[in-house]
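In: Quick one, fold the following:
(one chain, ligands or ions: 1)
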Amino acid sequence: MNNLRVITFGTFDVFHVGHLRILQRAKELGSHLIVGVSSDQLNFSKKARFPVYSQDERIEIIKNLRCVDEIFLEESLELKAEYIQQYHADILVMGDDWEGKFDHLQQLCRIMYLPRTPAISTTAIIEKIRD
Ligand code: CTP
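Out: Predicted structure coming up:
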């Protein structure tokens with residue numbers, strides 16, 4: 001096992017297996033996984049709706065996963081560089097829905113885009129339940 005610190009970000013609302021798998025794969029890249037969980041307010045400004053699960057509930061779930069070592073509340077999408085430095089991250093992991101979007105942070109750490117688990121998303125689950 002290497003000594004690398006891995007950081008990733010997300011809302012992780014209505015926690016599902018796609019969320020679990022990306023966190024497990026992120027952890028396999030290093031020895032310490034740090035997760036920035038997006039705040040309720042950040043989600044509201046991004047998607048014009050609040051998450052189904054509150055930030056406190058989402059944080060409680062994520063921080064109790066075996067693969068997660070440390071969590072913090074992500075309060076702004078614009079602060080990725082600051083968070084990377086603050087948490088001394090060696091690798092930033094994002095799902096490949098973000099492919100290329102964080103390449104400008106390459107001077108701070110390695111950027112890796114991992115493939116999403118097919119055919120599952122929080123939005124699809126909400127729609128399925130609603131229907
Ligand atoms: N993710 C994944 N596979 C999926 C869904 C999400 O690997 N099927 C990853 C995303 O790429 C991201 C992290 O999980 O790195 C958190 O994603 P998030 O946006 O919170 O979850 P989604 O299910 O994509 O939510 P939404 O439908 O609201 O966009």
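In: Now do the phi/psi pair for the residue of the chain at minimum distance from the ligand.
Out: Residue nearest to the ligand within the chain (CB to the nearest ligand atom): Gly95, separated by 1.7 Å. From N, CA and C alone the C-beta is placed, and that goes for glycine too. When quoted as degrees, to the nearest 10, the phi and psi of Gly95 stand at phi -70, psi 160.
In: what's the closest non-adjacent residue to it?
Out: In space, and not counting its chain neighbours, Gly95 is closest to Arg116: 4.8 Å by CB to CB, 6 or more residues apart in numbering.
In: On the three-state scheme, that neighbour is what?
Out: Following DSSP: H, G, I helix; E, B strand; the rest coil, the label given to Arg116 is coil.
In: pLDDT wise, what is Asn2 at?
Out: What the model reports for Asn2 is a pLDDT of 87.
In: Can you tell me which residues in the chain are near the ligand?
Out: Those residues of the chain that sit near the ligand, judged by CB under 6 Å from any ligand atom, are 10-13, 18-19, 22, 94-95, 97, 116-117, 120-123.
In: Which of the residues you listed fall within helices?
Out: With DSSP state H as the criterion, helices contain Gly18, His19, Ile22, Thr122, Thr123 from among the residues of the chain next to the ligand.
In: what about the third one, how many neighbours?
Out: Right, the one you point to is Ile22. Counted with other CB atoms under 10 Å, the burial measure for Ile22 works out to 21 neighbours.
In: Identify the bridge partners of the residue nearest to Lys63 when sequence neighbours are not counted.
Out: If the residues on either side of it in the chain are set aside, Lys63 comes closest to Ile71, at 4.7 Å by CB to CB, 6+ apart. According to DSSP bridges, the partner residues bridging Ile71 are Val35.
In: contacting residues around Ile71?
Out: The neighbourhood of Ile71, defined by CB atoms under 8 Å, 6 or more residues apart in numbering, consists of Ile34, Val35, Gly36, Val37, Ile59, Ile62, Lys63.
In: hmm, 10 Å instead?
Out: For Ile71, the contacting residues are 12, 33-37, 58-65, by CB atoms under 10 Å, 6 or more residues apart in numbering.
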